[in-house]
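Participant: after the sequence you'll find the predicted model.
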Amino acid sequence: MLQKLPNKLITLRQLYTLLGGWQMLRFLIARISGAPVFTALVPEINREITVRFNNSDVVLLLGVFLHRDCHLELCPHPALILDLGANIGLTATAFAVQFPEARIIAVEPDDSNMRLCESNTRAHKATSCLQRIVGHHPGWGQVTNPDAISMSKQFAATKEGAPLAIQISTIDELLDEYPSRGPVLVKMDIEGSEIEIFRDSETWLERVHAVLVEPHGVGTDELIREKLAQHNFAIRIVGEKILGLRPPWL
């Protein structure tokens, strides 16, 4: 317990920095009372965001809005953003504030995440939440570790009509479903499926202009860099993420 205390104190101090004293007090009261969720007005974006106490939502909240780990300087602004692995909609919300003209498709397979994603993104009318799995081929999938926290759930193929089956869409299918005449940004955080998608990336990488991806698993980082270089993306590092850019963003 003592070893964990400093990290908890750091988190609380960062929350205080992000939310201010009054909302920090409300957060502590809600936490002590056993409330399942907490809704706060985030001054950074002047919007209300709901997070859960029994998950990693608070860490994500700090990462997106205090540390700004998905903040991108892109001019012109993207016309379409695919937020693949949208979780509870925090990154989609940050993108909506930074790029208010963009159409944002927040793709998330987990039920509990999707409910919060819809709630947290409702202020931006151009954001659509889509309950799908992103994969390297179309089909149907289901969760393989249902007891894991929602941000760490993984999915495997199943048959259409199977219990709790969720549609799998490729990035090409999503780009066909949501066509754009302007530049496209793909943000990807899909807990280990990145390596399969980048192995089969010859088509979709030619259709997008920026890729922001958090690699998971051995060899994923190297493969992503290799594929981005093959398709003439300039590679940068944004926190723990790889950013690939090409015109009009070079």
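Facilitator: That came through fine. Numbering: from 1, shown residues only.

Participant: domains for the protein, by residue range?
Facilitator: Following automatic domain parsing, the chain resolves into domains at 1-67, 69-245.

Participant: what about the last one, start to end distance?
Facilitator: Start and end residues of domain 69-245 are separated by 17 Å (C-alpha to C-alpha, to the nearest Å).

Participant: quick one: that domain to chain centroid distance?
Facilitator: The chain centre lies 7 Å from the centre of domain 69-245; the measure is C-alpha atoms, centre = their mean, to the nearest Å.

Participant: show the average pLDDT along it.
Facilitator: In this model, domain 69-245 has a mean pLDDT of 92.

Participant: can you pull the buried residues of stretch 194-202?
Facilitator: Glu194, Ile195, Glu196, Ile197, Phe198, Ser201 (16 or more other C-beta atoms under 10 Å). Backbone N, C-alpha and C define where each C-beta goes, glycine included.

Participant: ok, which stretches of this protein are helices?
Facilitator: 5-19, 21-33, 57-65, 90-98, 111-121, 171-177, 194-199, 220-230 (DSSP state H).

Participant: so Phe53 touches Ser33, yeah?
Facilitator: No - in this structure, Phe53 is not within contact of Ser33 by C-beta atoms under 8 Å, at 10.2 Å.

Participant: who has more neighbours out of the two?
Facilitator: Phe53 (14 against 7; other C-beta atoms under 10 Å).

Participant: ok, and the closest non-adjacent residue to the more buried one?
Facilitator: In space, and not counting its chain neighbours, Phe53 is closest to Arg31: 5.8 Å by C-beta to C-beta, 6 or more residues apart in numbering.

Participant: tell me, how many neighbours does the one you found end up with?
Facilitator: For Arg31, the number of neighbouring residues by other C-beta under 10 Å comes to 13.

Participant: what's the distance between the residue nearest in space to the middle of the chain and Cys129?
Facilitator: Of all residues in the chain, the one closest to the mean position by C-alpha atoms, centre = their mean is Ala86, 3.4 Å from it. Distance of Ala86 to Cys129, computed by C-beta to C-beta, to the nearest Å: 7 Å.
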